[in-house]
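Novice: this one's sequence-less:
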């Protein structure tokens with residue numbers, strides 16, 4: 001199973017920030033002490049504060065962005081969620097402000113660029129949370145307060161150590177949740193495949209070969225049987241257990257020619273029970289195929305010969 005890692009979307013680009021006059025409402029909020037009553041409050045405040053800190057740390061011009069516009073973009077961007085993904089105009093504003101190399105600072109575009117960058121920062125955070133279904137874990141007002149306090153460098157409602165602890169704890173919880181969901185999904189797939197294999201084993205005349213490979217004869221051949229080292233010429237249609245076609249040999253313009261030492265184990269096993277001129281359905285469990293889902297091949301065998309007689313030499 002692949003580990004699912006939760007990576008907080010702190011911006012690492014070239015950006016900056018500056019102090020501007022705030023609205024009366026914002027000044028009143030800043031003058032009131034922050035009370036973090038719940039873990040949700042703490043997490044929200046910590047994420048906002050650390051988003052702001054990253055903006056300062058990412059560029060030597062970190063004190064030059066317009067704080068009011070930066071905050072407006074951030075709060076609106078998060079409130080609107082994915083619908084407020086930075087559009088072409090937002091990206092142009094940022095590019096105009098910082099230049100094509102990200103090292104300039106054109107004050108003509110200070111307001112637009114500051115707002116667009118705030119929106120970009122918030123959208124990255126929102127989308128990261130949305131991907132793991134954790135948007136509801138955030139108290140927006142505390143997120144915005146943490147971001148504003150971070151811009152003003154007064155984000156002391158939580159110590160730096162506490163911020164890291166809160167975020168790391170959240171990250172572990174999300175990772176555990178995602179791993180549990182992945183395990184549930186895998187279990188559901190395994191149960192579904194088990195039911196499908198029961199149907200396969202019940203097919204009239206089905207042959208059980210080695211290593212869980214099964215062979216159904218659609219048309220009996222009359223020629224020779226390949227060995228594990230033979231060359232074969234065949235056509236195939238690859239499907240999954242739902243019957244959805246994944247690939248056809250005809251997609252490549254001609255019959256498939258190969259030596260059975262250069263194919264997946266399921267083919268090497270299955271072909272040895274097929275006769276030249278026959279048509280078959282080969283059911284291969286993932287471990288004998290590509291290591292993932294069950295493979296279902298419909299195969300018609302046209303020719304069989306010793307190594308080097310049909311297939312080009314292996315490179």
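Specialist: Done, it's in. The structure displayed is predicted, hence computed values, not measured ones. Numbering: from 1, shown residues only.
Novice: from now on I want contacts and neighbour counts done on CA atoms only, so please keep to that.
Specialist: Will do.
Novice: may I ask you to name the longest helix in the chain?
Specialist: Looking across the chain with DSSP state H, the single longest helix is helix 160-201.
Novice: give me the helices and strands touching that one, please.
Specialist: Packing contacts for helix 160-201, counted by 3 or more CA pairs under 8 Å, 6 or more residues apart in numbering; DSSP states H and E, involve helix 39-57.
Novice: so for the helix it packs on, what gets flagged as buried?
Specialist: By neighbour count on 16 or more other CA atoms under 10 Å, the buried set for helix 39-57 is 40-57.
Novice: what angle do that helix and helix 160-201 make?
Specialist: Helix 39-57 runs at 110 degrees relative to helix 160-201, counting by axes from the mean of the first three to the mean of the last three CA atoms, to 10 degrees.
Novice: any idea of the mean pLDDT for the helix or strand that helix 39-57 is followed by?
Specialist: Next helix or strand after helix 39-57 toward the C-terminus (DSSP states H and E): helix 67-80. On average, the pLDDT along helix 67-80 is 89.
Novice: would you map the strands across the chain?
Specialist: For the chain, applying DSSP state E gives strands covering 207-208, 214-219, 231-239, 245-248, 256-259, 279-284, 295-305.
Novice: export these to TSV and tack on mean neighbour count?
Specialist: Listed next are the strands of the chain as TSV, based on neighbours: other CA atoms under 10 Å:
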stretch	mean neighbour count
strand 207-208	15
strand 214-219	19
strand 231-239	20
strand 245-248	14
strand 256-259	20
strand 279-284	24
strand 295-305	21
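Novice: next, residue 133: phi, psi?
Specialist: The phi/psi pair for residue 133 (degrees, to the nearest 10) reads phi 60, psi 50.
Novice: please disregard the earlier target; I meant residue 105.
Specialist: Dihedral angles (degrees, to the nearest 10) for residue 105: phi -150, psi 90.
Novice: would you mind measuring from the residue of the chain most remote from its centre to residue 170?
Specialist: Taking CA atoms, centre = their mean, the residue of the chain most remote from its mean C-alpha position is residue 222, at 49.1 Å. Distance, residue 222 to residue 170, by CA to CA, to the nearest Å: 65 Å.
Novice: low-confidence bits of the stretch 1-150 of the chain, can you list those?
Specialist: 1-31, 60, 62, 81-87 (pLDDT under 70).
Novice: I meant to write the stretch 201-315 of the chain there.
Specialist: For the stretch 201-315 of the chain, the stretches flagged by pLDDT under 70 are 314-315.
Novice: let's see 80
Specialist: 291-292, 312-315 (pLDDT under 80).
Novice: apart from its chain neighbours, what residue comes closest to residue 36?
Specialist: With CA to CA, 6 or more residues apart in numbering as the criterion, residue 36 has its nearest non-adjacent residue at 5.7 Å, and that residue is residue 42.
Novice: can you pull the contacts of the one you found?
Specialist: Shown in contact with residue 42 (CA atoms under 8 Å, 6 or more residues apart in numbering): 36, 142, 158, 163, 166.
Novice: just to check, the last one is in contact with residue 47?
Specialist: Just to be clear, that refers to residue 166. No. Residue 166 is not in contact with residue 47 according to CA atoms under 8 Å; the separation is 9.1 Å.
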